[in-house]
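Novice: Structure, please.
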Amino acid sequence: MRLLASLLALLVSISPVAAAEEQLTLTVGVQESGTVQWEIETIQARGLDAEHGLDLQIRPLADSRAGQIALQAGAADVILSDFVWVSLQREAGNEVAMVPHSLAVGGLMVPADGDLTELTDLAGRTIGIAGGPVDKSWVILQAYYNKQTGEVLAEDVRANFGAPPLINELLANGGVDAALNFWQWNARAKAAGATELVSVATMLEELGVDEQPPLLGWTFSKDTAQTKQEALTAFLDASFAAKRTLLEDDDTWEALRPLMGAEADDALFTQLRDDYRAGIVAQYDPGAMQAAEDAFALLAAFGGSELVGEAETLAPGTFWPGYSK
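Specialist: Residues are numbered from 1 along each chain as shown. The predicted structure is shown next:
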């Protein structure tokens, strides 16, 4: 009798229900200081993870490099990464893929009271750039400048590279004449009075990329896509539900003020909210990623091997065909 009871208990422990519940656990690596926290907080605060049957585990990450290491080590099932990194990984035989997360891009900022009003005014000036010499926005600006003027931007200006907060500080105190920064730091500069001379989205359009490509996406391995597909789909559904909430519901944003660093600054709060909304991905068709292919080809042409290795085109399968919205 005791043996029979033990066998029944074992059968219950491996029942389909228990197996399904275990499958719907997913670990997502999230940069602690990133704006991605706003979506994750919305998912959890609105109960969108539970609504989709998901036990969402969050692994804090220091930066994007830490996320890539966590993904490759199996410490996270999903991270946020850009489409160039995903494409290069696939070229190297590491079968990762992504689903778009954000269309947000930065732009070239200038002081409101400055005398730099045209692209041709950049010659002889100093530009502060968040990132390094192969920063994607910097590469795109060089391509745009070359098309507009026929000149080589890197030869016409002094380029100072640094961390985003430093670039904004230099723009504010006159340490640089213009700044190329990430969108959230540009929003802070706008709230402080700076203006955008030209956005990266406009540069891309002028360079022949008709639609804004999704630069960032939820990234995962082929193994996760195969062994945790139901949990992955539940997370992506929750993610798109949160995006819709952030796009349509102003009240949701009030709870995010502390994460945004805009508790008592209404101008900054509104600028960050509106610029975030401009980059929200509302739908996903894996068969309609021509804009990303065009943007990759552009980066390969002007960024060279230091940015994209020997690849000239976006690797097939970069955008996961197993999901659409």
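Novice: Flag every buried residue along the helix or strand containing P165.
Specialist: Per DSSP states H and E: P165 is located in helix 164-173. Buried residues in helix 164-173, counted by 16 or more other Cβ atoms under 10 Å: P164, L166, I167, N168, L170, L171, A172. Yep, even glycine has a C-beta here, placed from its N, CA and C like the rest.
Novice: From F161, how far off is P111?
Specialist: Remark: distance between P111 and F161 (Cβ to Cβ, to the nearest Å) = 20 Å.
Novice: Have a look at the two and say which one is more surrounded.
Specialist: Using other Cβ atoms under 10 Å as the criterion, P111 and F161 rank with P111 on top: 20 against 16.
Novice: okay, that one: pLDDT?
Specialist: With respect to pLDDT, P111 has a value of 95.
Novice: didn't it look like it was pressed against A194?
Specialist: Yes: taking contacts as Cβ atoms under 8 Å, P111 lies within contact range of A194: 5.8 Å.
Novice: what touches both of these two?
Specialist: By Cβ atoms under 8 Å, 6 or more residues apart in numbering, P111 and A194 have these common neighbours: L171, A172.
Novice: what's near enough to touch S64?
Specialist: Taking Cβ under 8 Å, 6+ apart as the test, what S64 contacts is Q31, L80, S81.
Novice: Assign the last one to helix, strand or coil.
Specialist: To tie it back to what came earlier, the one meant is S81. Under the three-state scheme (DSSP: H, G, I helix; E, B strand; the rest coil), S81 adopts strand.
Novice: Would you mind naming the helix or strand containing the closest residue to it other than its chain neighbours?
Specialist: In space, and not counting its chain neighbours, S81 is closest to T219: 4.2 Å by Cβ to Cβ, 6 or more residues apart in numbering. Taking DSSP H and E as the criterion, T219 maps to strand 216-221.
Novice: State the mean pLDDT of the helix holding P165.
Specialist: Averaged across helix 164-173, pLDDT comes to 96.
Novice: Stretch 228-242 too?
Specialist: For stretch 228-242, the mean pLDDT works out to 97.
Novice: Quick one: residues in contact with it.
Specialist: Stretch 228-242 has contacts (Cβ under 8 Å, 6+ apart) with 20, 23-26, 28, 39, 42-43, 46, 48-49, 51-54, 56, 77-78, 99, 101, 218, 220, 224-225, 281, 284, 322-323, 325.
Novice: Contacts only, for the spatially closest residue to G309 that is not a sequence neighbour.
Specialist: The shortest distance from G309 to any non-neighbouring residue, by Cβ to Cβ, 6+ apart, is to L88 (5.7 Å). The contact partners of L88, by Cβ under 8 Å, 6+ apart, come to V308, G309, A311, A315.
Novice: any idea which element the residue lying closest to G261 once chain neighbours are set aside lies in?
Specialist: Nearest residue to G261 in three dimensions, chain neighbours excluded: L268, at 7.7 Å (Cβ to Cβ, 6+ apart). Per DSSP H and E, L268 falls inside helix 266-278.
Novice: Tell me which helix or strand comes right after the longest helix along the chain.
Specialist: Secondary structure of the chain per DSSP state H: the longest helix is helix 229-248. Sequence-wise, the next helix or strand downstream of helix 229-248 (DSSP H and E) is helix 250-254.
Novice: average pLDDT for that next one?
Specialist: For helix 250-254, mean pLDDT is 96.
Novice: again with stretch 85-102
Specialist: 96.
Novice: thinking again about what came up before, which other residues reach the following helix or strand past the strand holding T219?
Specialist: Beyond strand 216-221 on the C-terminal side, the first helix or strand identified by DSSP H and E is helix 222-227. Outside helix 222-227, the residues that touch it by Cβ under 8 Å, 6+ apart are D77, V78, E95, V96, A97, L232, W320, G322.
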